[in-house]
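Q: Fold the following.
(one chain, ligands or ions: 2)
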Amino acid sequence: MIYTCTIAPSIDYTVYLSDFNSGKLNRTNEVYYYPGGKGINVSRVLKRFGVANTALGFAGGFTGRYIEEYLKNEGVETDFIETTEVTRINVKIKSESETELNGPGPELTVDQLSALTKKVRDMNEGDWFVLAGSLPNAIGQNYFLELATICQAKNIHFVLDTSGPMLKSILTAPVFLVKPNQQELGELFGVDITNLTDVYHYARKLVESGTEHVVVSMGGEGAMLVTKDIALIAKAPQGTVVNTVGAGDSLVSGFIASYAASRDASQAFRFGIASGSATAFRSDLCRKEDVETLLDQIEVHPFEEKDVTG
Ligand SMILES: Nc1ncnc2c1ncn2[C@@H]1O[C@H](COP(=O)(O)OP(=O)(O)O)[C@@H](O)[C@H]1O
Ligand SMILES: O=P(O)(O)OC[C@H]1O[C@](O)(COP(=O)(O)O)[C@@H](O)[C@@H]1O
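A: Numbers count the residues shown, from 1 in each chain. Ligands and ions are numbered 1, 2, ... in the order given. From the prediction side, this is the model:
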C-alpha cells in the first residue's frame, strides 16, 4: 500500500485574472478550491493513475472536512488525524506571473503526533510512505527522524519531498526518493545552483550520504535523476503553461506509480517528468491520458559532466 502524509494540508484557493495589481482592489471571476498540500496532491494523482493509496496527515475545521470530502469523492482513501485548528487556505494568484500565499501548518500535540507514529508502525514491509510538504520546525527533527527510522527497520520505501532545515536533518536517514527542485537543492547546501554541473554535483552528494534516488526538478527545463549507478537528464516537453502548482508533486506521483509497476528508475523518471508537465499544462492536476500523450516527447539521456563543461 502507498501512504502519503501531509502534515500541513491546505485548500488551494486558485484565482485567475488577466491583470493583478498589488495594493489595489482586484476582482476575479475564475476561482477554484482545490484540496492541496504536497502529499494530498501525490494521492490525487496516484488515484488518477489507477494506483490505490491512502492519504494520511492532519486536518480539521470546515476546511479539513472539505478536503476529506473532496478526496473521498475522487476515490482517494483518507485517514487523517483530526485537529482542533482549522486547516489552512493557501492563495494562488495566476496572472502574468504566479503569486502564492501559503499559510502556516497546524500546531500539533504529542498525542496527535503519536497517533501518526502508530500508523507508520502499523505499515507493512514493501509499503510506501511519502512524507511531503512543509514540516513545521516546532515539531522537531527527531520526530521525523523517528518516522524515517521506522521505515528503514520495516523496509518501507520512504519518499521525502520537503524543503528547509528539516529536509537536511531527515536526509541523515536512508531515503528511497527525494525530489528537491533546483532552488531547494541549493538551499540544502547553502549555495546558489545555476548550472547542470552543480545540479549533478550536489545531487551526487545526497546519493553519497545514503539517498537511493535523487530527482532534481528544474521547472520548464526538466529534471535530473542521480542514483549510485546512473545519472540521467531529460528536458520537459513543450506546452502552454496554465498552473504549475502541484507539478513537483505530480512528478513524484508519476515516479512512484511507474517504479512500483516496473522497478525501473529510468522509466519512472520519464513518466514522472511527463506527469509534472501534464500538470503544468492544466488548471488542476494531470490525468493519465495527458501524461501518456506527452511521453513520446520525453527523451532521457545519460548525463555526463563533459556535456556541459565542454
Ligand atoms: N513551465 C513548465 N513547462 C513544462 N514542464 C514544467 C514546467 N514547470 C514544471 N514542469 C514539469 O514539472 C516538473 C516539476 O516542476 P518544478 O517546478 O521543478 O517542481 P516544484 O513544483 O516542486 O518546484 C518539472 O520537472 C517539469 O517536468
Ligand atoms: O507545505 P508547503 O510547502 O506550504 O506547500 C503547500 C503547497 O504546495 C502544493 O502542494 C504544491 O506543491 P508543488 O507546486 O511544489 O508541487 C500546494 O498544493 C500547496 O498549497
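Q: going forward, measure contacts between C-alpha atoms and count neighbours the same way
A: Fine.
Q: And for the closest residue to Gln183 other than its chain neighbours, the neighbour number?
A: Taking C-alpha to C-alpha, 6 or more residues apart in numbering, and ignoring the residues beside it in sequence, Gln183 has Ile193 as its nearest neighbour in space, at 6.9 Å. For Ile193, the tally of surrounding residues (other C-alpha atoms under 10 Å) stands at 18.
Q: Could you check how far Ile193 is from Tyr200?
A: 10 Å (C-alpha to C-alpha, to the nearest Å).
Q: which residues are common contacts for the two?
A: Shared contacts of Ile193 and Tyr200, defined by C-alpha atoms under 8 Å, 6 or more residues apart in numbering, are absent.
Q: if we can go back for a sec, what about the residue nearest to Gln183, which helix or strand?
A: Secondary structure assignment for Ile193, by DSSP states H and E: no helix or strand.
Q: Next: the one 5 residues further on.
A: Assigned by DSSP H and E, Asp198 falls within helix 196-208.
Q: Quick check: which helices or strands does the next helix or strand after that helix pack against?
A: Beyond helix 196-208 in the direction of the C-terminus, DSSP H and E gives the next helix or strand as strand 211-217. With contacts taken as 3 or more C-alpha pairs under 8 Å, 6 or more residues apart in numbering; DSSP states H and E, strand 211-217 sits against strand 175-178, helix 182-189, helix 196-208, strand 223-226.
Q: wait, does strand 211-217 contact ligand 1?
A: Yes. On the criterion C-alpha under 6 Å from any ligand atom, strand 211-217 is in touch with ligand 1 at Ser217.
Q: Does ligand 2 have contacts with that strand?
A: No. Judged by C-alpha under 6 Å from any ligand atom, strand 211-217 makes no contact with ligand 2; its nearest approach is 9.9 Å.
Q: Flag every residue of the stretch 201-310 of the chain that's near ligand 2.
A: The interface of the stretch 201-310 of the chain toward ligand 2, taken as C-alpha under 6 Å from any ligand atom, is made up of 244-249.
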